[in-house]
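J.: structure here, sequence nowhere to be found:
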């Protein structure tokens, strides 16, 4: 908690305390992870130590970690799994991230995947599921970043909604529909060289998802069980 970079500080993460850790220790790990993420330590440039802190936070199942998990959700599926582990506590923040078209596209995609994991878990009530369906409709409307569109297609199929399924069927069969959905531009406004590959990929994914069962990730991987403070 004193913020000093010592061997003991990093080795503590190797204990894999997860939700077995007490509330004070979990809070300290979350604070240390924020410091790593924000570059507030004197790590050498290019250090990947922050990844260990991300893994440690993901295993905590602590609602205090939700802002950190949202902020870092564009870095990999670990955050989406950790947010899904938190269920109802994380749902409002995840929904907000997935609903915001002005948000960093990888964080939107991470939010969409976390919502899909929650649907697969069966942890959402009827009202929450309706809000998730709206997110899926919105992310399959207009033009989206490829990663957002890809994850939204999968969410739409998992939801089992007939209208959303028809939308995915149209994307799978109609090249124009795929072209309308997937943006040819990167976040900096430059045109991607891989646009045709993206279109091929999203149509292939849509076909495979509709045929089911799927054999490609990201997959739901629950973390260790929580504990009571």
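T.: Cool, the structure landed. Treat the numbers as computed from the prediction; the structure is a model and nothing was measured. Numbering: from 1, shown residues only.
J.: quick one: the residue nearest the centre of the chain and residue 103, what's the gap?
T.: The structure's the chain has its C-alpha centroid closest to residue 110; by Cα atoms, centre = their mean the separation is 2.3 Å. Distance of residue 110 to residue 103, given as Cβ to Cβ, to the nearest Å: 10 Å. C-beta coordinates here come from the backbone N, C-alpha and C atoms, glycine included.
J.: so for these two, which residues contact both of them?
T.: Listed as contacting both residue 110 and residue 103 by Cβ atoms under 8 Å, 6 or more residues apart in numbering are residue 97.
J.: just to revisit the earlier point, contact partners for the residue nearest to the centre of the chain?
T.: Residues near residue 110 by Cβ under 8 Å, 6+ apart: 73, 74, 77, 79, 80, 97.
J.: so it is in which element?
T.: According to DSSP states H and E, residue 110 maps onto helix 105-121.
J.: buried stuff in that helix?
T.: Residues of helix 105-121 classed as buried by neighbour count (16 or more other Cβ atoms under 10 Å): 105-119.
J.: ok, now stretch 43-59?
T.: In terms of neighbour count (16+ other Cβ under 10 Å), stretch 43-59 has its buried residues at 50, 53, 54, 56, 57, 58, 59.
J.: distance between the host helix or strand of the fifth one and the chain's centre?
T.: Element membership of residue 57, judged by DSSP H and E, is helix 49-58. In this view, helix 49-58 has its centroid 15 Å away from the chain centroid, taken as Cα atoms, centre = their mean, to the nearest Å.
J.: downstream of it, the next helix or strand is which one?
T.: Moving toward the C-terminus from helix 49-58, the first helix or strand encountered (DSSP H and E) is helix 66-71.
J.: name the residues of the lowest-mean-pLDDT helix or strand in the chain that come out as buried.
T.: Lowest on mean pLDDT, DSSP states H and E among the helices and strands of the chain sits helix 7-11, with a mean of 72. By neighbour count on 16+ other Cβ under 10 Å, the buried set for helix 7-11 is residue 9.
J.: ok, stretch 119-132 next?
T.: Result for stretch 119-132 [16+ other Cβ under 10 Å]: buried residues 119, 123, 124, 128, 129, 132.
J.: can you redo those residues as TSV with distance to residue 65?
T.: Shown next, in TSV, are the buried residues of stretch 119-132 (distance: Cβ to Cβ, whole Å):
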residue	distance to residue 65
119	21
123	17
124	20
128	21
129	25
132	22
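J.: can you tell me which of these are in helices?
T.: Taking DSSP state H, the ones among the buried residues of stretch 119-132 that sit in helices are 119, 128, 129, 132.
J.: any weak-confidence spans in this protein?
T.: Within the chain, the ranges that satisfy pLDDT under 70 run 1-6, 14-17, 226-229.
J.: re the thing from before, and which of the buried residues of helix 105-121 is nearest to residue 224?
T.: Distance to residue 224 across the buried residues of helix 105-121 (Cβ to Cβ) is lowest for residue 117, with 15.9 Å.
J.: tell me the contacts of the closest one?
T.: 80, 81, 83, 84, 220.
J.: again with residue 34
T.: Shown in contact with residue 34 (Cβ under 8 Å, 6+ apart): 40, 68.
J.: can you list the buried residues in the helix or strand where it lies?
T.: Here residue 34, judged by DSSP H and E, is contained in helix 23-37. By 16+ other Cβ under 10 Å, the buried positions in helix 23-37 come out as 26, 27, 28, 29, 30, 32, 33, 34, 35, 36, 37.
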